[in-house]
Structures are given as structure tokens and as C-alpha cells.
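Trainee: okay, structure incoming, though there's no sequence with it:
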């Protein structure tokens, strides 16, 4: 194959790959947001004793806490956007 | 063979410690290897046998050893292990102010019955060479919380697992769309929840198994009856049955009608009133000799 044709073909393939990745990411943005919310709900449920909501017996919290680093991070992140929950949601749904 | 587990439960002051001590001595005289465990933080067994007991079982007679569960020891042990596990995960534990939190945690509601449950689990694993393990339980409130703890824990764990499975399924969808296949890391929390569910199901099974016998102790008075009826109902609600009823300090061999009506499926044994103080090994032996007929069941 002529080198220039190969280069053009590679660029087109690469462009399609990028487009595919972008589209796939776009497709799961909402569901990723939902997972983040569910993780946050899970963390709030388990750690409810810390913030004064009904919570499981303390031994359940203590048994799960060592595995919950990720959920704690999500919960702390959510705290920073808690003052503007609609803005947070609109940004996921691409509403200006 | 697994040891039989006998629990002596009832209202405060009805004679759980005395009847469990008498039963233990009687069974040990019949060559059964007995471990008597005081689960009541008041620890009356040391007063009855006039001997100091602790976490390490002490020999009282040829086939009888007695042990007291030290709740504070189990709470401290549990908190230390938990703190270690948390420190392994979170290198920035100072941000949590972990030590201060654990200092307060020892006073958390629910920890006392959890400590009793840990001690119970340890006892049934450590002393599986005994024929019978007799538990002298704490008064009603703590005992009911102790028995219901595995079942309440399971309700929470199963709900948390449902939520976790939902999260996991959605993560699988994301992974499938993004990279074309389901390659996500195993959910550590889901795995931990599944292990915990197994553990608590196993613990709850001990209370419901044929090897567990619940002896409900009461006195011949209205207050004692009312509380005993409530205990029976509360235990039935979580699927635990009363095996037998002991009417302690009884002046006659006749069983009150209301007790017979309520406990028509249980063995009812009147424990005669003793005018002497039942303190010391000899006094208990004398009581057994004088009232041998109560053990004919």
C-alpha cells in the first residue's frame, strides 16, 4: 500500500476509535452517575451513625468500614456538591 | 458429638444462677462433663460457689468447670481488632481521629450483646469436648437482645447485599458498554457481606438447633409469670422455642394453672423453696439429695 494511503487509513481508523470511545462514555454517563449515587446511598446507610440517621448495628459498620475506602471518597465528594444537587444533575444530563 | 447447649433465662432475681448451678452440679454428679458459663455481668456464680471465676474455666468438681464471661475483655479485644483492620486500609487514619473515636465506641449501644455473642461463639468452638454447656444468662432485656442480635444483623446484611448487587450489576453494564466485556474487579464489600451473612446464619442456627435447650426460670408470682409469657412470645417471634420451665422457690409441687395453660408443650418443673441459703458446693449437693425427684424428668 502507498504510504500516504496507509497513513490516511490509520488516521480514519483512529478517528473512528476515538469517536467510538467518546460515544461509549457518553452512553454510560448517566448510569455512572446513578452508580455514584447508589454508592453514596450505601455509604450513608452504613455510616449513618456518624451523621445521625438510623443505621445498622455498629458491628456491621465496623466490619464493612475497612472495605469502604472508595465509598467514603464518593461520599466526601458528594458533600462538596451537596449545596447544588440540581446543578450536579443538570451537568450529567447536559442541560445548560 | 457437639455439646448440648442449655440456657437459663428469666426475669432478674428469679434464681437463674441458682437453678443453673444446681442443674450443673446434678449433671456432673451423673458423670457428664459440664461447663457452666456465667453470661450475666452481675456474675452470681462466684457467690454461689464461693470461688473466684474468670475467663479461664475453674474446676469446681470432678466433671464441672465454671467460667465467667468478661464483657469488657471481649469489647476491648473486638475494638482492637477492628482498629487494626481499619488502619490496614486507611493510611490517613489520623484524619479520622480514629483513637478518639474508638475510645468513645466502647460505650456504644449494642456493643454489650455483641461482646456476649463473640464470647458465645468462642465458647462453642473452644469447648466442643464438653457434653453439656450451661449458660447462666443475664436478665431479660440483655438476653433477648443477645438472642435476637444474629437475626436483626441478618435483616440489615441482606438489605445491604441487595443494594450492593444492584450497584455491581450496573457497574457490569458500564464495563460492557465501555470496553465491550464484563471485566470489573470483584466487589470487596459484596464479598464481605456474603461472608458475614454466612457467619450470622450459622450463629442463629445454634439457637434454633436441637442441641439448644432454653430453660425459662420463674417464681410463683404474677409479675414473674407476666414477664415469662412475654419472653416466650419474643423468642417465638424470632423462631426460638422454650424447652422447659422451672418454677423456682416453689412451695408446692402443684404448677399454677396459668403457667400450665401457657406452657402446655413444655416440661414444667417446680424447684422447691429451700429454707437454707444455697451457698457453697455442699449446700447445693444437700439440696440435690433432698430434692432428687425434680431431676427425674
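Mentor: Done, it's in. Everything numeric in this text was worked out from a predicted model, so none of it was measured.
Trainee: ok, and the closest non-adjacent residue to residue B:31?
Mentor: Distance criterion CB to CB, 6 or more residues apart in numbering or on different chains; nearest residue to residue B:31, sequence neighbours excluded, is residue B:63 at 6.0 Å. All C-beta spots, glycine's among them, are computed from the backbone N, C-alpha and C.
Trainee: burial count for that neighbour?
Mentor: Residue B:63 has 20 neighbours, counted by other CB atoms under 10 Å in any protein chain shown.
Trainee: hang on, it packs against residue B:32?
Mentor: Yes. Counting by CB atoms under 8 Å, residue B:32 is a contact partner of residue B:63 at 6.3 Å.
Trainee: show me where chain B has its helices.
Mentor: Under the criterion DSSP state H, chain B contains helices at B:16-29, B:45-49, B:71-89, B:93-96, B:98-105, B:111-126, B:140-179, B:188-208, B:222-237, B:257-262, B:281-290.
Trainee: so which elements touch the last one?
Mentor: Here helix B:281-290 touches helix B:16-29, going by 3 or more CB pairs under 8 Å, 6 or more residues apart in numbering or on different chains; DSSP states H and E.
Trainee: who's in contact with the helix it packs on?
Mentor: Surrounding helix B:16-29, the residues in contact under the criterion CB atoms under 8 Å, 6 or more residues apart in numbering or on different chains are B:6, B:8-10, B:34, B:36, B:38, B:40, B:44-45, B:48-49, B:60-64, B:66, B:131-132, B:134-137, B:215, B:217, B:246, B:248, B:271, B:278, B:281, B:284-285, B:287-288, B:295.
Trainee: among the helices of chain B, which is the most enclosed?
Mentor: Per-residue neighbour counts averaged over each of those give the maximum for helix B:16-29, namely a mean of 24 (mean count of other CB atoms under 10 Å in any protein chain shown).
Trainee: sitting in strands, which of the contacts of helix B:16-29 do you find?
Mentor: Among the contacts of helix B:16-29, the ones falling in strands (DSSP state E) are B:6, B:8-10, B:34, B:36, B:38, B:60-61, B:64, B:66, B:132, B:134-136, B:215, B:217, B:246, B:248, B:271.
Trainee: does the helix of greatest length in chain A come close to chain B?
Mentor: With DSSP H applied, the helix covering the greatest number of residues in chain A is identified as helix A:3-46. Yes. Helix A:3-46 lies within reach of chain B by CB under 8 Å from any CB of the partner chain, at A:24-25, A:27-28, A:31-32, A:34-35, A:38-39, A:41-42, A:45-46.
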